[in-house]
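A.B. asks: pasting the sequence and the predicted model now:
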Amino acid sequence: MSAGGPAVRRLADWDREQLLSLADEFGSPLYVTDLQRVAENCQRLRDAFPEAHISYAVKAHTGQAVLETVREAGLDAECASAGELVRAFDAGFEGNRVRYTAVNPPSADLDIVVSYWEDHPNLTITVGAEDTIDRLRERGFDGRLCLRANPGVGAGHHEKVRTGAHAKFGIPIDRVPDIAERVRDEVDLVGVHAHAGSGISGDDLSAHRELVRRMGDLARSIPGLEFVDVGGGFGVPYHEDEPPLDLGAVADATREALGETEADLAIEPGRYVVADAGVLLSEVNTVKDVPETTVVGTDAGMTTLLRPAMYDAYHAVSNLSRPDAGVVSTIIAGPVCETSDVLADDRPLARPERGDLLAFGNAGAYGYEMASTYNSRPRPAEVVLDDDGPRVARRAETIEDITTLERTASEHIPN
Ligand code: LLP
């Protein structure tokens with residue numbers, strides 16, 4: 001097998017015995033992330049896009065061990081907040097491998113990012129509004145700047161993740177050349193950027209192509225650019241029978257649509273790097289037969305894995321404890337007091353019993369990252385697997401962790 005590994009890793013490809021023993025040792029719910037798979041996914045991207053600058057969109061999974069793996073695998077880091085930028089530097093990325101993409105940035109973010117820039121003058125800041133440039137200039141910034149265009153074309157697995165045509169993101173593409181002209185003497189204008197959306201499948205390729213075509217035209221209209229970044233968004237198969245994205249075909253379509261440019265191609269995938277490198281393990285705490293289905297209550301819910309509640313996202317599920325049991329139709333629901341706290345609906349599953357362990361696939365991207373403490377429910381631990389075996393990368397949160405902010409606050413209330 002090449003260093004890039006297979007094109008897809010399905011839930012069934014995980015070692016069932018190993019997952020069972022991890023939950024035994026580290027408890028449930030538990031996020032498990034395989035760093036070897038993260039490295040393989042990086043390598044497949046590098047093989048498909050050998051000429052491109054590839055940045056990992058850190059937001060998909062910000063864990064330090066993942067970031068270190070991505071750095072060693074040769075990808076740069078694209079950060080959406082000051083917090084992500086701090087994490088990228090903590091994970092050892094050099095300044096010239098870090099990009100900060102400002103989306104309506106709070107002043108505190110700009111303060112932090114500019115202070116990092118003072119120590120790392122090679123980092124790049126991408127702005128999606130003209131006044132963000134003014135706010136950066138007020139802080140003394142005259143470094144590497146990239147202009148984010150709103151290309152007017154979006155794509156993605158759900159309306160809520162299509163960014164390309166949403167007014168919130170980027171500068172209308174036809175205004176970008178004028179702004180480039182205006183800022184040229186003030187900063188080091190190095191690139192242009194656009195992002196269509198997240199979870200682009202083979203069916204969305206025409207939208208991707210159109211975005212890249214518009215960005216190629218834009219890049220040709222602005223002389224002296226170092227790169228033209230056409231975003232991330234490469235999808236992964238969530239359904240068991242869905243074919244993987246043909247990355248080679250996406251790369252060919254991208255090159256063809258971009259055409260000849262002086263600027264180098266840049267991409268910034270997040271999901272593709274980490275999705276199938278992670279699973280979420282969760283214990284069954286209730287099994288209840290009701291007339292229309294079997295309700296399976298789990299200790300993970302929408303606070304652990306938000307995607308089903310937020311986007312009706314599908315995650316493959318299997319019953320690790322009882323793989324050969326008869327299959328029944330189930331609704332798998334979490335412990336949160338919300339109707340939308342459902343991880344899988346109308347799902348055939350080997351009939352579980354209380355105490356069984358379920359696994360949810362493709363939990364590596366936007367899984368832990370979107371977890372919350374709603375209902376005062378602590379976030380679970382994350383274990384990473386590497387050559388040395390499993391280790392705890394993030395310990396489980398405790399109720400005390402959650403309440404400590406209030407207790408600390410009350411200590412500071414003057415009498
Ligand atoms: N670049 C920019 C500017 C982005 O906004 C994003 C994602 C990416 C790159 C990476 O996109 P990816 O390759 O991961 O699709 N929470 C949602 C996904 C939101 C993505 C937001 N931006 C989900 O769980 O599906």
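C.D. replies: Ah, there it is. None of these values were measured; they are calculated from a predicted model.
A.B. asks: close to the ligand: what parts of the stretch 201-350 of the chain are there?
C.D. replies: 231, 232, 233, 234, 268, 269, 270, 271, 272, 307, 311 (Cβ under 6 Å from any ligand atom). Using the backbone N, CA and C atoms, a C-beta is placed for each residue, glycine as well.
A.B. asks: not counting its neighbours along the chain, what's nearest the closest residue to the ligand within the stretch 1-150 of the chain?
C.D. replies: At 3.4 Å from the ligand, residue 57 is the closest residue in the stretch 1-150 of the chain, using Cβ to the nearest ligand atom. Using Cβ to Cβ, 6 or more residues apart in numbering and skipping residues adjacent in sequence, the residue nearest residue 57 is residue 270, 3.1 Å away.
A.B. asks: grab the most central residue of this protein for me.
C.D. replies: residue 60 (1.6 Å; Cα atoms, centre = their mean).
A.B. asks: residue 237 in helix, strand or coil?
C.D. replies: Using DSSP: H, G, I helix; E, B strand; the rest coil, the structure places residue 237 in coil.
A.B. asks: touching, it and residue 243? I think so.
C.D. replies: Yes - between residue 237 and residue 243 a contact is recorded at 6.5 Å, counting by Cβ atoms under 8 Å.
A.B. asks: more neighbours: which of those two?
C.D. replies: Ranked by neighbour count (other Cβ atoms under 10 Å), residue 237 and residue 243 place residue 237 first, with 19 against 11.
A.B. asks: ok, that one - contacts?
C.D. replies: 8, 243, 244, 245 (Cβ atoms under 8 Å, 6 or more residues apart in numbering).
A.B. asks: mind listing the helices for this protein?
C.D. replies: In the chain, the segments counted as helices under DSSP state H are 16-26, 35-48, 64-72, 82-90, 107-119, 130-138, 176-183, 205-221, 247-258, 271-274, 307-311, 399-411.
A.B. asks: mind listing what residue 38 touches?
C.D. replies: Applying Cβ under 8 Å, 6+ apart to residue 38 gives the contacts 66, 69, 70, 73, 273, 274, 277, 364.
A.B. asks: ditto for residue 103
C.D. replies: For residue 103, the contacting residues are 80, 128, 168, 169, by Cβ under 8 Å, 6+ apart.
A.B. asks: show me what from the stretch 51-200 of the chain comes close to the ligand.
C.D. replies: Checking the stretch 51-200 of the chain against the ligand by Cβ under 6 Å from any ligand atom, the hits are 57, 60, 78, 101, 161, 163, 195, 198, 199.
A.B. asks: those: which two are farthest apart?
C.D. replies: Using Cβ to Cβ, the pair of those lying farthest apart is 101 and 199, separated by 18.3 Å.
A.B. asks: out of those two, which sits in the more crowded spot?
C.D. replies: Legend: neighbour count by other Cβ under 10 Å for residue 101 and residue 199, higher for residue 101 (27 against 23).
A.B. asks: can you list the low-confidence ranges for the chain?
C.D. replies: Counting by pLDDT under 70, the chain shows low-confidence ranges at 1-2, 409-415.
A.B. asks: hmm, try it at 50
C.D. replies: Along the chain, the model assigns pLDDT under 50 to residues 1.
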